[in-house]
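Visitor: here's a sequence, model it:
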Amino acid sequence: MDRHMMAIQVRAARAALKWKQAELARRAGISEPAINRLERGENEPRYSTFMSVLSAFREAGVVFDEAPKRGITMFLDTNLILATIRENQENHGSNDNV
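Guide: Below is the predicted model:
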């Protein structure tokens, strides 16, 4: 996968979840600077970093699928995403309504 396309997808998934980079880093078990570099498309991430990010998104209800000629599709489990957003708000005291 192209690193610039990956950067766009990571930002889109994070936006859907209303996560800051720090939250994605915490859930993926990697550093916030690594997330920042990934989202800027600075370089190819390590496989383990990429898989950790995908796993964090999957657990929150965001899944990517890649198919020839179709490209990459992002699937959203809206019920799981809303539950994840609410949990995040409760844990961090956010006043954003979902």
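Visitor: by contact count, what packs against the lowest-mean-pLDDT helix or strand in the chain?
Guide: Every helix and strand in the chain was compared by mean pLDDT, DSSP states H and E; the lowest is strand 71-76, with a mean of 82. Under the contact criterion of 3 or more C-beta pairs under 8 Å, 6 or more residues apart in numbering; DSSP states H and E, strand 71-76 touches helix 3-17, strand 62-67. Heads up, the C-betas are built off the backbone N, CA and C, glycines and all.
Visitor: what pairs with it, parallel or antiparallel?
Guide: Strand pairing for strand 71-76, determined by DSSP bridges: strand 62-67 (antiparallel).
Visitor: buried stuff in the partner strand?
Guide: By 16 or more other C-beta atoms under 10 Å, the buried positions in strand 62-67 come out as 62, 64.
Visitor: same check, this time on stretch 34-54
Guide: For stretch 34-54, by 16+ other C-beta under 10 Å, it's 34-35, 37-39, 41, 45, 49-50, 52-54.
Visitor: so how far is that stretch off the chain centroid?
Guide: On the basis of C-alpha atoms, centre = their mean, to the nearest Å, stretch 34-54 sits 10 Å off its chain's mean C-alpha point.
Visitor: could you do stretch 82-91 as well?
Guide: With C-alpha atoms, centre = their mean, you get 15 Å for stretch 82-91.
Visitor: list the buried residues of that stretch.
Guide: 84-85, 88.
Visitor: correct me if wrong: A7 contacts E44.
Guide: No - applying C-beta atoms under 8 Å, one finds A7 not in contact with E44, separated by 11.0 Å.
Visitor: state the mean pLDDT of the host helix or strand of Q89.
Guide: Q89 is part of helix 78-92 when elements are defined by DSSP states H and E. Averaged across helix 78-92, pLDDT comes to 86.
Visitor: and that helix, how far out from the chain's middle?
Guide: Relative to its parent chain, helix 78-92 has a centroid offset of 14 Å by C-alpha atoms, centre = their mean.
Visitor: from the helices and strands packed on strand 71-76, which stretch is densest packed?
Guide: Each of these was scored by mean neighbour count; the highest is helix 3-17, a mean of 17, by mean count of other C-beta atoms under 10 Å.
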